[in-house]
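>>> Fold the following, please.
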Amino acid sequence: MKPTAKFIVLHPSVHKSGGVVGPIVPSHRAWLAVLAVFILTFAFTIITTREPPISTNTAASAGKPKSQLPKPVFDALLHYASANATFSDRMSADEVKSVAAVLLRCNPPCNFLVFGLTHETLLWNSLNHNGLTVFIDESSYMVSKLEEKHPFINAFDVQFTTKVSQLYDLMEHYKQEISNECRPVQNLLFSDCRLAINDLPNHVYDVPWDVILIDGPRGYFAAAPGRMAAIFTAGVLARSKRVGAGGETQTHVFVHEIDREVERICSEEFLCSHNSVETKDRLGHFVVGKMEANLNRFEFCPTSDSSSLSPN
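Coordinates of the predicted model:
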């Protein structure tokens, strides 16, 4: 318990003299004496008063947070300190830095859409702190577990109907429907294109996405969903972008594992080679501009820019 400081204030007594009306005004010497005593008393109190030691068992300290870091940052650091993953399960340092650099330059708040729940999920959510980050994944179980452990994360599951083995059939369907259901500018919520993801929550389609990262769904075996629909949807979202408060009309689109056939062909067809900014290891970076709806133009890319769509 802190010692109670006691202040002693001395003042001259006020005596009434016979025949004198009102208080007697003290002399200057008396006031100086009062001031000196007050200063000495205050100094003694400061010197002798000591703060009690901080107790970790008090009720007050028990209710205080252990860390002042924002919770997403704290969870991300904890995750990366304890995770035991091989290099193949995560992005390389250069790939992570490439995405992080764009998020850092993004005018806040940044709207960040990520396809795939990966080792970097908590990192992406933390780097875009105070922005809008939404994750899309093929596994309802993984989404449920993520939300259970980290309820501050926005994640939704999607049932992909495509397979890697269907790549060329799906691209042929797209070519036949490019002026109808598979247009580059459209409302995906009402699209019947086989490559369109149209079962997300309605508000996702209204967000002007600044950055889109495609690191899912799985695409490393023939029966896997592949990333054809994710890349097509990203291309449409970028070209159909509603201009946000910052007036930005471009969208940064990253495609991970672009060295694989599906990712390479679909990126060339829906994101376009002339929009390519750089490739870091296996991460392709494209900047796709908004496209005005035009009934006389349906191609995603200039004719000379698109892939041949022929099997190797």
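>>> residues near M142, how many?
Neighbour count for M142, taken as other Cβ atoms under 10 Å: 17. Quick note: C-beta positions are derived from backbone N, CA and C, even for glycine.
>>> actually E299, not the one I typed
Using other Cβ under 10 Å: E299 sits among 14 other residues.
>>> Quick check: phi and psi at it.
phi -70, psi 140 (degrees, to the nearest 10).
>>> I figured it was touching C182, is that so?
No - here E299 lies out of contact with C182, judged by Cβ atoms under 8 Å, at a distance of 11.0 Å.
>>> quick one: contacts for S126?
P70, P72, V73, D75, A76 (Cβ atoms under 8 Å, 6 or more residues apart in numbering).
>>> repeat that for 6 Å
P72, V73, A76 (Cβ atoms under 6 Å, 6 or more residues apart in numbering).
>>> Which of these fall within strands?
With strands defined by DSSP state E, no entry of these lies inside them.
>>> Tell me the most packed of those, by neighbour count.
Top of the contacts of S126 by neighbour count (other Cβ under 10 Å): A76, with 22 neighbours.
>>> my guess is that residue contacts L123, does it?
Yes - between A76 and L123 there is a contact at 5.4 Å, judged by Cβ atoms under 6 Å.
>>> Run a quick neighbour tally on L117.
Neighbours of L117 (other Cβ under 10 Å): 23.
>>> what about the nearest residue to it once chain neighbours are set aside, neighbour count?
Nearest residue to L117 in three dimensions, chain neighbours excluded: D137, at 4.4 Å (Cβ to Cβ, 6 or more residues apart in numbering). D137 has 21 neighbours, counted by other Cβ under 10 Å.
>>> So what sits opposite D137 in the bridge?
Assessed by DSSP bridges, D137 has beta-bridge partners D157.
>>> In contact with it, which residues?
D137 touches L117, V143, D157, G216, counting by Cβ under 6 Å, 6+ apart.
>>> List just the nearest of the residues you listed to V262.
Taking Cβ to Cβ as the measure, V262 lies nearest G216 of the contacts of D137, at 12.5 Å.
>>> For E268, see how far away D94 is.
Using Cβ to Cβ, to the nearest Å, D94 is found at 22 Å from E268.
>>> I misspoke; the intended subject was V114.
22 Å.
>>> so A229 makes contact with I197?
Yes - using Cβ under 6 Å, A229 is in contact with I197, at 5.4 Å.
>>> contacting residues for N111?
N111 touches L132, V207, W209, D210, counting by Cβ under 6 Å, 6+ apart.
>>> Apply 10 Å and report the result again.
128, 131-134, 207-212, 241, 244, 248, 251 (Cβ atoms under 10 Å, 6 or more residues apart in numbering).
>>> which residue ranges form the strands in the chain?
Under DSSP E, the chain gives strands at 111-115, 132-137, 154-157, 211-214, 250-256, 276-280, 283-289.
>>> hmm, back to that, intersection of neighbour lists for A229 and I197?
Joint contacts of A229 and I197 (Cβ under 10 Å, 6+ apart) are F115, V158, F160, T161, T162.
>>> Buried among these? Need that as a selection in ChimeraX.
Those of the shared contacts of A229 and I197 that count as buried under 16 or more other Cβ atoms under 10 Å are selected in ChimeraX with:
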select :115,158,160,162
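>>> Mind putting the shared contacts of A229 and I197 into TSV with distance to P151?
Output for the shared contacts of A229 and I197, formatted as TSV (distance: Cβ to Cβ, whole Å):
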residue	distance to P151
F115	21
V158	20
F160	25
T161	29
T162	31
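>>> between the shared contacts of A229 and I197, which is nearest V277?
Using Cβ to Cβ, the shared contacts of A229 and I197 come closest to V277 at F115, 19.0 Å.
>>> you'd agree the closest one is up against F232?
No - look at F115 against F232 with Cβ atoms under 10 Å: they stay out of range, at 11.4 Å.
>>> got any residues that touch both of the two?
Counting by Cβ under 10 Å, 6+ apart, the residues touching both F115 and F232 are I197.
>>> possible to save the strands of the chain as JSON lines with distance to H203?
Putting those into JSON lines (distance: least, Cβ to Cβ, whole Å) gives the following:
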{"stretch": "strand 111-115", "distance to H203": "12"}
{"stretch": "strand 132-137", "distance to H203": "10"}
{"stretch": "strand 154-157", "distance to H203": "10"}
{"stretch": "strand 211-214", "distance to H203": "16"}
{"stretch": "strand 250-256", "distance to H203": "17"}
{"stretch": "strand 276-280", "distance to H203": "29"}
{"stretch": "strand 283-289", "distance to H203": "21"}
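>>> looking at those strands, which is closest to R90?
Of the strands of the chain, nearest to R90 by Cβ to Cβ is strand 250-256, at 10.4 Å.
>>> Check which strands are paired with that closest one and give the direction for each one.
strand 211-214 (parallel), strand 283-289 (antiparallel).
>>> thinking again about what came up before, return the subset of the contacts of D137 lying in helices.
Judged by DSSP state H, the subset of the contacts of D137 located in helices is V143.
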